[in-house]
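Participant: Sequence first, then the predicted structure, then my questions.
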Amino acid sequence: MARDFTVVLQGVRRAGHALVGHYRDRRTHPVNELVSPPHPYARALGLITVVLLGAWLGLLIVGSVRAPVGPMDTRMTLRPSVSGGTKINVSPLGALELRSHTAPIRLDVDVDRLDPVRSQALVNHPERLSGLQDEVARDVGHGALDLAVRSCVAVVSGATALGLAVYRRPRRALAAGGLALALLAASGTAAYATWNPKSVLEPKFSGLLSSAPSVVGDARSIVSEFDVYQQELARLVTNVTKLYDVTSTLPAYQPDPTTMRVLHVSDIHLNPASWKIISSLVEQYDIDVIVDSGDTMDHGSATENGFLDPIADLGVPYVWVRGNHDSHTTQRYLERFKNVHVLDDGRAETVAGLRFAGIGDPQYTPDRSEKAGGDAVEHIAGIRLASALRAERAAGTPVDVAVAHDPTAARETDGEVPLVLAGHIHRQEMEVMEKGTRLRVEGSTGGSGLRAVDDKYPDPVEASVLYLDRTTKRLQAWDEIRLGGLGLTKAEVSRHLPKENRPGAPPATTSPTPSSDRSAEGRSPESG
């Protein structure tokens, strides 16, 4: 590293000499007095280059601190960044990213190890966990203060030293150090002004941590307890302690008895790897029911039916609607499975404590003998589904979740149901429509199937876990699960909350605005 530093220093010195060399020569060699001085912009650019490079080298060499945080030993570092934020590396389990602030600096926290003495003290005296939040808050505060002081010294020293090496003039070197300190102060001010203490409500996990949902807690605790940043950090530290305590075995997810967990999948497109992924998610998240919003097949032929057999062994109810790549032959085959509940023509059914209603896609595009009807037939299908939802509500059996394959059809249910699920477009979206219905569009759980081999970059495998309150049947939170596509191994889980469930939000209405005063026949097709 010393050799690399020497090479960088020599390069910077040569660049600095190129900008100011002839100015020094003019002072020592009168023959050069007629040479014009360097342009002010060039001098400013050279100074800024020296300041930025010197500050970066200072942070790289001495701009980090080691700080104990609860039972763990950590190293905190400031790094230049375009978007800012905080990254917590929990080796070897993975990383956690938080959108904590927007500034040209990022906070990196590396968890080096779990201190055996402090960890054993927590195990032997579990009552100390109640005070862990305050202890963590103090540790982080002390570490952050130490890091701020050390970073100031690092950037000033680095910029001053490099300025002295390049310009060989104390005044220029001190100017470089002062400018570096001003830039760091401006960055710190920007970070403070944009600080988001609730960023930990929506973390992004990667690596093995993406398969450990217990790290982020259950839906109920997210809504009721995750309201103070220090409490969030303490919970994270506590759960990481538990992860280390079980060494190589990740903890099983402990379900909250007040929530129901729905696994939403879609557009599997004949990818056999999907069943292993779905089975793993069912076990890891203790899923109550799976909802498949269609395009499970690619051509809907009878020869493909054997692909569906693993559904019978998933161990939970499977709610399914027909997609435009699924045929009626596919639908009849699935109806033979005991755990499969096929929804079509607005049919409603109670499954795992939730009332579902759905409609199959009216189009079957793999069959070239049938002409595609476009959005018009999707609008009509959505109107039929909305009419069935109104009928269910009038009968005293309101539907909790509606399902359609195409989002165009799903949008017609706005105002008739709290939540409607769809797929088809192979990307994840979440939207609250005009009349209060929340539309969740799932990506492709099959990574677009065999189509993935046609593209330069394969599509990711996507699914979602939806947390619904067992009493109100309303969405409390959801986890977006994203796995690398064909040939990739990246895994991410992102936690999200509806705005009405965030701490401090006003209470939400219990249902979307009803539109039962309008008949289905009287509604004009609209895309929402």
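Facilitator: It's in. Numbers count the residues shown, from 1 in each chain.
Participant: Heading C-terminal from whichever strand or helix holds Leu389, find the next helix or strand.
Facilitator: Element membership of Leu389 [criterion: DSSP states H and E] is helix 375-394. As assigned by DSSP H and E, the chain's next helix or strand after helix 375-394 is strand 401-404.
Participant: how about the CA coordinates for that following strand, as PDB?
Facilitator: This file holds the C-alpha atoms of strand 401-404, laid out as PDB (Å, rounded to 0.1, in the frame of the first residue of the first chain):
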ATOM      1  CA  VAL A 401     -58.500 -10.000  -1.800                       C
ATOM      2  CA  ALA A 402     -59.400  -9.900  -5.500                       C
ATOM      3  CA  VAL A 403     -57.200 -11.600  -8.100                       C
ATOM      4  CA  ALA A 404     -56.800 -11.000 -11.900                       C
END
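Participant: end to end, how far does stretch 423-436 reach?
Facilitator: Start to finish, the residues bounding stretch 423-436 are 20 Å apart (C-alpha to C-alpha, to the nearest Å).
Participant: quick one: the helices in the protein?
Facilitator: When secondary structure is read from DSSP state H, the chain shows helices at 2-28, 40-62, 116-124, 132-167, 170-193, 219-225, 229-245, 273-285, 328-334, 375-394, 407-410.
Participant: which stretch in those is the model least sure about?
Facilitator: Ranked by mean pLDDT, the helices of the chain end with helix 219-225 at the bottom, a mean of 40.
Participant: thinking again about what came up before, quick one: buried residues of the helix holding Leu389?
Facilitator: For helix 375-394, the neighbour count (16 or more other C-beta atoms under 10 Å) marks 377-393 as buried. From N, CA and C alone the C-beta is placed, and that goes for glycine too.
Participant: helices or strands next to it in the packing?
Facilitator: Contact analysis of helix 375-394 by 3 or more C-beta pairs under 8 Å, 6 or more residues apart in numbering; DSSP states H and E lists strand 347-351, strand 354-359, strand 401-404, helix 407-410 as its packing neighbours.
Participant: try 7 Å
Facilitator: Packed against helix 375-394 by the contact rule (3 or more C-beta pairs under 7 Å, 6 or more residues apart in numbering; DSSP states H and E) you find strand 354-359, strand 401-404, helix 407-410.
Participant: so where is the stretch 201-350 of the chain shaky, pLDDT-wise?
Facilitator: For the stretch 201-350 of the chain, applying pLDDT under 70 flags the ranges 201, 205-255.
Participant: Which parts of the chain belong to which domain?
Facilitator: 40-209, 218-499 (the TED database).
Participant: Packed most tightly, which of these would that be?
Facilitator: Ranked by mean neighbour count, the domains of the chain are led by domain 218-499 with a mean of 20 (mean count of other C-beta atoms under 10 Å).
Participant: can you give me the strands for the stretch 401-528 of the chain?
Facilitator: In the stretch 401-528 of the chain, the strands defined using DSSP state E, counting those that start in this stretch lie at 401-404, 419-422, 429-432, 438-441, 461-469, 475-483, 491-496.
Participant: roughly how far apart are Asp288 and Glu434?
Facilitator: 30 Å (C-beta to C-beta, to the nearest Å).
Participant: re the thing from before, need the residues that contact the helix holding Leu389.
Facilitator: For helix 375-394, contacts defined as C-beta atoms under 7 Å, 6 or more residues apart in numbering pick out 346, 348, 357, 359, 362-363, 398-399, 402, 404, 406, 408-413, 416-417, 516, 520, 523, 525.
Participant: For Pro349, give me its contacts.
Facilitator: Quick fix: residue 349 is Glu, not Pro. 341, 343, 356.
Participant: cool, Val316 as well?
Facilitator: 282, 287-290, 339.
Participant: Need those in a markdown table (columns: distance to Met76).
Facilitator: Below are those laid out as a markdown table (distance: C-beta to C-beta, whole Å):
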| residue | distance to Met76 |
| --- | --- |
| Val282 | 38 |
| Ile287 | 38 |
| Asp288 | 41 |
| Val289 | 43 |
| Ile290 | 42 |
| Asn339 | 50 |
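Participant: from memory Pro498 sits against Leu475, does it?
Facilitator: Yes: using C-beta atoms under 7 Å, Pro498 is in contact with Leu475, at 6.0 Å.
Participant: Just grab the bridge partners of the closest residue to Ala352 other than its chain neighbours for me.
Facilitator: The shortest distance from Ala352 to any residue other than its chain neighbours is 4.0 Å, reached at Val289 (C-beta to C-beta, 6 or more residues apart in numbering). Beta-bridge partners of Val289, counted by DSSP bridges, are Val262.
Participant: Any idea which of the helices and strands packed on helix 375-394 gets closest to Thr445?
Facilitator: Thr445 sits nearest to strand 401-404 of all the helices and strands packed on helix 375-394, at 14.6 Å, using C-beta to C-beta.
Participant: counting contacts, what elements does that closest one pack onto?
Facilitator: By 3+ C-beta pairs under 7 Å, 6+ apart, strand 401-404 packs against strand 354-359, helix 375-394, strand 419-422.
Participant: give me that answer again for 10 Å
Facilitator: With contacts taken as 3 or more C-beta pairs under 10 Å, 6 or more residues apart in numbering; DSSP states H and E, strand 401-404 sits against strand 259-265, strand 289-292, strand 318-320, strand 354-359, helix 375-394, helix 407-410, strand 419-422, strand 438-441.
Participant: partner strands of that strand, parallel or antiparallel?
Facilitator: Assessed with DSSP bridges, strand 401-404 is paired to strand 354-359 (parallel), strand 419-422 (parallel).
Participant: From Pro398, how far out is the residue lying closest to Glu429 once chain neighbours are set aside?
Facilitator: Closest residue to Glu429 apart from its sequence neighbours, by C-beta to C-beta, 6+ apart: Val441 at 4.1 Å. Distance, Val441 to Pro398, using C-beta to C-beta: 23 Å.
Participant: One more: Ala190?
Facilitator: Counting by C-beta to C-beta - Ala190 and Pro398 are separated by 48 Å.
Participant: Relative to Val441, how far out is Gly294?
Facilitator: Taken as C-beta to C-beta, the span from Gly294 to Val441 is 12 Å.
Participant: what's the overlap in contacts for those two?
Facilitator: Common neighbours of Gly294 and Val441 are listed as 266, 406, 422-424 (criterion: C-beta atoms under 10 Å, 6 or more residues apart in numbering).
Participant: Any chance of the residues you listed in CSV with distance to Leu98 as columns?
Facilitator: Converted to CSV, these look like this (distance: C-beta to C-beta, whole Å):
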residue, distance to Leu98
Ser266, 29
Asp406, 35
Ala422, 30
Gly423, 30
His424, 32
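Participant: Farthest pair within these?
Facilitator: Pairwise distances across these (C-beta to C-beta) peak at 10.9 Å, for the pair Ser266 and Asp406.
Participant: got any residues that touch both of those two?
Facilitator: Common neighbours of Ser266 and Asp406 (C-beta under 10 Å, 6+ apart) are 293-295, 323, 422-425, 441.
Participant: Return the member of the residues you listed nearest to Ala186.
Facilitator: Nearest to Ala186, judged by C-beta to C-beta, of the shared contacts of Ser266 and Asp406 is Val441 at 41.0 Å.
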